[in-house]
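> Show me how the following folds:
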Amino acid sequence: MTSRRCLIPADGFYEWQRRGKAKQPYGFEVNDGELFAFAGLWDRWKDPSGQWIRSCSILTTTPNAVTSAVHDRMPVILYPDNHDLWLDPGMTNVEAVSEMLKPFDARLMRLYPVSARINYVANDDAECSAPVEITETQAGLFS
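Below you'll find the predicted structure:
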């Protein structure tokens, strides 16, 4: 947390909620699909063959009222006025940057069910993130 902080831009994210044996995916947006940034950490190292590996992680926090309906955590979404401080390499005060790692204002977010198409990497189109209606299925007699 003292260094290697980054911003990971996004216009939404997904979480899954277990519904019986199935999992229903949900899309989450900020301000009706506006671009936002996750708080991230990056790193690099050499693998055994000597190749540089570059990676990053999205930090998570406790859920807000919108995400708690689906999951027990949420990604840290940074407010735009915190971006510069988060990226400032001179800011090494872990307590100060940790103050930014809190749930995002639920009033600025929305969630909606999306198609299970999102579960397959081969599906990479707008239909994956389009809202869908959840249809309740009646359990079978012997299920």
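> can you pull out the helices in this protein?
Per DSSP state H, the chain carries helices over the ranges 83-87, 94-98.
> Can you add mean neighbour count and give these back as TSV?
Glycine gets a C-beta too; all of them are placed from N, C-alpha and C. Output for the helices of the chain, formatted as TSV (neighbours: other C-beta atoms under 10 Å):
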stretch	mean neighbour count
helix 83-87	14
helix 94-98	11
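> Relative to R107, which of those is closest?
For R107, the closest of the helices of the chain is helix 83-87, at 20.4 Å, according to C-beta to C-beta.
> one step back: rebuild the helices of the chain as JSON lines, extending it with distance to S129 and mean pLDDT.
Converted to JSON lines, those look like this (distance: least, C-beta to C-beta, whole Å; pLDDT from 0 to 100):
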{"stretch": "helix 83-87", "distance to S129": "24", "mean pLDDT": "97"}
{"stretch": "helix 94-98", "distance to S129": "31", "mean pLDDT": "94"}
